[in-house]
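In: Pasting the sequence and the predicted model now:
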Amino acid sequence: MIKGFKEFLLKNSVLALAIGFIMGAATGKVVSSLAADIVMPVVSIALPGGEWRTAKLALGHSAISYGNFFGNVVDFVIISFVVYMITKALIKETAPAPTKKCPRCTEAIAVEATKCKFCTADIG
């Protein structure tokens, strides 16, 4: 039973998904702290009014908290940029396998192919 469970975890990439989720949560905390504790104080100095996240537009008995919304948008942009930079640093794109064109149907086929898999023409 344990062997079957282990095969299930490895076969369906459940373990990789769980690790990715945990790493994503940890990365999210670090990046949120970066945004809240380092970047946002600098942004608050640059913008007039200091506490711009509490800015509201009063509408009778209720208010639209546009400062909080814009703060969340800034947080999102910062977090997205950091995740992008981490991804670019860790995941390197591999070069595509070299191909050639089939002289008969012009589809891309492997360089070492002797027969086209699309039109079945012999490649010389």
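Out: Yep, it's here.

In: residues contacting the closest residue to I64 other than its chain neighbours?
Out: Once flanking residues are discounted, I64 sits nearest to L57: 4.5 Å by C-beta to C-beta, 6 or more residues apart in numbering. Where C-beta positions appear, they are placed from N, C-alpha and C, glycine not excepted. Residues in contact with L57 (C-beta atoms under 8 Å, 6 or more residues apart in numbering) are A63, I64, Y66.

In: And the pLDDT for L57?
Out: As predicted, L57 sits at a pLDDT of 86.

In: ok, back up a step: next step: the contacts of L57 restricted to strands.
Out: In strands, defined here by DSSP state E, the members of the contacts of L57 are A63, I64.

In: Make a markdown table from the contacts of L57 and add neighbour count, pLDDT and distance to L90 to it.
Out: Shown next, in a markdown table, are these (neighbours: other C-beta atoms under 10 Å; pLDDT from 0 to 100; distance: C-beta to C-beta, whole Å):
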| residue | neighbour count | pLDDT | distance to L90 |
| --- | --- | --- | --- |
| A63 | 11 | 88 | 43 |
| I64 | 12 | 89 | 40 |
| Y66 | 13 | 85 | 36 |
